[in-house]
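Participant: pasted the sequence and its predicted model underneath.
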Amino acid sequence: MQKSYKIEVDCANCANQVEEAINKMDEVKSCSINFMFQKMTLEFEDSIKEKDLLKQVKKVAKRIEPDFEVE
Amino acid sequence: MSKKLKKRLIRIIISLCLFIPLFIIDKIFDLSTVIPNFNEGWLLPFGLYLLIYLLISYDILIKAGKNIIHGRVFDENFLMIVATIGAFVLKEFPEAVAVMLFYQIGEFFQDLAVQNSRKEIASLMDIRPESANLIDKDGNIKTLSPNEININDTIRVNPGEKVPLDGVVIFGSTSLDTKALTGESLPRDITVGDDIISGTINLTSSIDIKVTKKYEDSSVAKILKLVEESTNKKSKQEKFITKFAKWYTPIVVISAVLLALIGSLVSGDYVTYISRALNFLVVSCPCAIVISVPLSFFVSIGRSAKLGILIKGSLFLENFNKAKTFVFDKTGTLTKGNFAISKVVPEANKDEILKYASIAESQSSHPIALSIKKHIGSPLSSNVEIQNIAGEGIVAKYQNETILCGNEKLLKHHNIIFDKVNEIGTITYVAKDNKYLGAIVIKDEIKEDAKEVIDYFNKNNIQTIMLTGDNYEVANEVKEQLGLSDFKASLLPQDKVMELDNILNNKKENELIAYVGDGINDAPSLIKSDIGIAMGALGSDAAIEASDIVLMNDNLNSLFIAKKIAKKTMRIVKENIIFALLVKVSILVLSSFGIANIWIAIFGDVGVALLCVLNSLRSGRIKL
């Protein structure tokens, strides 16, 4: 499943680092962050619960950029 | 300006208003000597500067604290804190405050620039419909979100409203403004039975539409998605910057540590070397380049979208700029594709020839068939038995008569004697019951802006090759008129793909081939080429899907505009990368020899960031 989310990330470099870190997560097939549009596209297995995954993604992202938010 | 930014601006202004007077007073009166008979006189200026420091950097302190708990030592916030605390320790109080102050000013302007271009692009891409007026069974109108409308629902679009979903007009006729999608300002007229595309604006009168696609499959949603995902395909420059940013900070920090350690040990003058090392930390953030490169691409891609040119990623902007060979499909790309009968030979038999041709072509949707039908009016027959012979034409049986309608090969295969017609154009021969009747000459018009675009390519040493199913004479005439480099004629659809394969196989390494087609039946070519460009793609999902650059309108001129934007954007990106690297490296080198002090480092860092960002914004103002 592929889904887009509106996110809040303040610096371009952090956005790149967050993208890299999320891509390393086992549950995520691929992640791409568009800093300019403040959008994150996630690809993951249908069997994974979206809510749980987002929680995890947020946790990973917040370690890098404390201001990171998913709407 | 957002609330968050406004708050930061106020903080910066207050800090500046406190810092500048304090700095001047300190320089004139030397605050450390103000209190008489006090050995620790430095405590007074230290305390005052520290207050301003805390005011301007408390958010960074918090962030740095959080990040260091997570073990991120190469975090820019943390490094700025180290650099400034270091300056405090060395009793360079004003420097410590200035580093933070200017760092914040730089960040503020960067964020402001990013926010403004975001807003600008968002308003350009303002094609998202807010609501749809559903007409229910009883004829009542309910206003809903476009997401709630189903296929086969009927909706009403009033003048001034955006068409929310793709559909077919079932009542009324009106003019549509397609500017937001195609960049073309000429309104399109539309009436019952016509397809209507979401994202256009209804200009003159109310129409009812039967919805044919759900919102998420409608043109408007697809286009928005495409633009928003346009950063997924990153250019070489963007990839370089990401990699660079990853290594730059650690390398600078490690060099700073080494400089401080080795310098101090060798010379014994640890104050000098630690202060030089602090300069390194001041320029350790790669943010200036990291933001300016994607910003340039973003601004350009947004600008192009406004002009009806969708670019699916910075990679394609880069490749489009590099491509030295453009392969064009002829019909619908270089020419209008509106075939018209230019001549019938012999003229005396005109009515008979056209009558039989129209019978034979009655079930075909080939452009040539359409032009014959258009000339004749309504189709004549229903009981026709049609046999299509690929690459030759049609054999039709109608009321015991056998009609042949096609090219030379068809007549030769049936051993029919005919007079070869030496006219330029597509020639369709017509025969009935093995007797030759005559021929129809059909010609396609070259697009008005084709010559200008090909001239531009020629001037820039770009090869232009045309592929066409037409015969040699027709193709050659187009080639001569436009000044194309080369052409291949008499190609069947599958031959065109093979011909493109040939070109792709024989190209030199690093050479890029662009293919320009109308996307109607050349999806394989669009996909195979290095850069697939579809023209007149508004409403054609297949073309939008298959291509890398989508020209929503039919003008070749868009190709020319896209080329200019790509060229300028790439220049700006390169300028930024080279300029930022040069300044940063110079500061590092000069600092390590003690030539550049911390003030130069501050201005170098913040100045570079601002200049790069301002330069990036130029992408949106390229003259066309």
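Facilitator: Cool, the structure landed. Worth saying up front: this structure is predicted, and the values here are computed from it rather than measured.
Participant: up against chain B, what does chain A have?
Facilitator: Residues of chain A lying close to chain B by C-beta under 8 Å from any C-beta of the partner chain are A:4, A:10-13, A:16, A:32, A:34-39, A:41, A:63-64, A:66-67. Bear in mind the C-beta positions are built from the backbone N, C-alpha and C, glycine included.
Participant: separate out the buried members of the residues you listed.
Facilitator: Taking 16 or more other C-beta atoms under 10 Å in any protein chain shown as the criterion, what is buried in those is A:10-13, A:16, A:32, A:34-39, A:41, A:63-64, A:66.
Participant: between those residues, which sits nearest residue B:430?
Facilitator: Using C-beta to C-beta, residue A:41 is the member of those that lies nearest residue B:430, at 56.2 Å.
Participant: beta partners of the closest one?
Facilitator: residue A:4, residue A:32 (DSSP bridges).
Participant: neighbours of residue B:122, just the number please.
Facilitator: A count of nearby residues for residue B:122, using other C-beta atoms under 10 Å in any protein chain shown, gives 12.
Participant: SS state for it?
Facilitator: Three-state assignment for residue B:122 (DSSP: H, G, I helix; E, B strand; the rest coil): helix.
Participant: SS state for residue 37?
Facilitator: Since no chain was named, I'll use chain A. coil.
Participant: try chain B instead
Facilitator: At residue B:37 the chain is in coil, as set by three-state DSSP.
Participant: quick one: name whatever helix or strand follows the helix or strand where residue B:227 lies.
Facilitator: In this structure, residue B:227 sits in helix B:219-228 according to DSSP states H and E. Counting by DSSP H and E, the element after helix B:219-228 in chain order, helix or strand, is helix B:236-267.
Participant: tell me the helices and strands packed up against that following helix.
Facilitator: helix A:12-23, helix B:76-89, helix B:270-282, helix B:287-306, helix B:314-322, helix B:557-592 (3 or more C-beta pairs under 8 Å, 6 or more residues apart in numbering or on different chains; DSSP states H and E).
Participant: what's next to the first one, contact-wise?
Facilitator: Looking back up the chat, that one is helix A:12-23. A:9, A:28, A:30-33, A:35, A:40, A:42, A:57, A:60-61, A:63-65, A:68, B:76, B:242, B:245, B:285-287, B:290-291, B:294-295 (C-beta atoms under 8 Å, 6 or more residues apart in numbering or on different chains).
Participant: can you dump the C-alpha coordinates of the least confident helix or strand in chain B by mean pLDDT into CSV?
Facilitator: Within chain B, confidence by mean pLDDT, DSSP states H and E is lowest for helix B:367-376 among all helices and strands, at a mean of 75. Provided in CSV are the C-alpha atoms of helix B:367-376 (Å, rounded to 0.1, in the frame of the first residue of the first chain):
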residue,chain,number,x,y,z
PRO,B,367,-7.0,10.2,-39.3
ILE,B,368,-7.2,9.7,-43.1
ALA,B,369,-10.6,8.0,-42.8
LEU,B,370,-11.8,10.8,-40.6
SER,B,371,-10.8,13.4,-43.1
ILE,B,372,-12.6,11.6,-45.9
LYS,B,373,-15.7,11.2,-43.7
LYS,B,374,-15.5,14.9,-42.7
HIS,B,375,-15.4,15.9,-46.4
ILE,B,376,-18.4,13.7,-47.3
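Participant: so the residue lying farthest from the centre of chain A versus chain B, what's the distance?
Facilitator: Relative to the centre of chain A, and counting by C-alpha atoms, centre = their mean, the farthest-placed residue is residue A:47 at 18.1 Å. As defined by C-beta to the nearest C-beta, to the nearest Å, residue A:47 lies at a distance of 23 Å from chain B.
Participant: my read is that residue is in a strand, agree?
Facilitator: No. Going by three-state DSSP, the assignment for residue A:47 is coil, not a strand.
Participant: distance of it relative to residue B:227?
Facilitator: 31 Å (C-beta to C-beta, to the nearest Å).
Participant: go on, residue A:23?
Facilitator: For residue A:23, the distance to residue B:227 (C-beta to C-beta) stands at 23 Å.
Participant: neighbour-wise, which of these two wins?
Facilitator: residue B:227 (22 against 14).
Participant: what's the longest strand that chain B contains packed up against?
Facilitator: Longest strand in chain B, counting residues (DSSP state E): strand B:435-443. Packing partners of strand B:435-443 (3+ C-beta pairs under 8 Å, 6+ apart): strand B:340-345, helix B:350-360, helix B:367-376, strand B:426-432.
Participant: correct me, but residue B:390 touches residue B:492?
Facilitator: Yes. If you go by C-beta atoms under 8 Å, residue B:390 and residue B:492 touch, sitting 7.2 Å apart.
Participant: the more surrounded of the two?
Facilitator: residue B:492 (11 against 8).
Participant: need the contact list for the more buried one.
Facilitator: Contact analysis of residue B:492 by C-beta under 8 Å, 6+ apart lists B:390, B:391, B:469.
Participant: redo that, cut-off 10 Å
Facilitator: B:390, B:391, B:469, B:498 (C-beta atoms under 10 Å, 6 or more residues apart in numbering or on different chains).
Participant: now swap in residue B:40 and tell me
Facilitator: Residue B:40 makes contact with B:32, B:46, according to C-beta under 10 Å, 6+ apart.
Participant: helix, strand, or coil at it?
Facilitator: Here residue B:40 takes the coil state, with states given by three-state DSSP.
Participant: show the backbone phi and psi for it.
Facilitator: In terms of degrees, to the nearest 10, the main-chain angles of residue B:40 are phi -100, psi 50.
Participant: for residue B:46, see how far away it is.
Facilitator: Note on residue B:40: its distance to residue B:46, by C-beta to C-beta, is 9 Å.
Participant: now do residue B:7
Facilitator: For residue B:7, the distance to residue B:46 - C-beta to C-beta - is 27 Å.
Participant: check residue B:589 too.
Facilitator: Relative to residue B:46, and taking C-beta to C-beta, residue B:589 is found at 32 Å.
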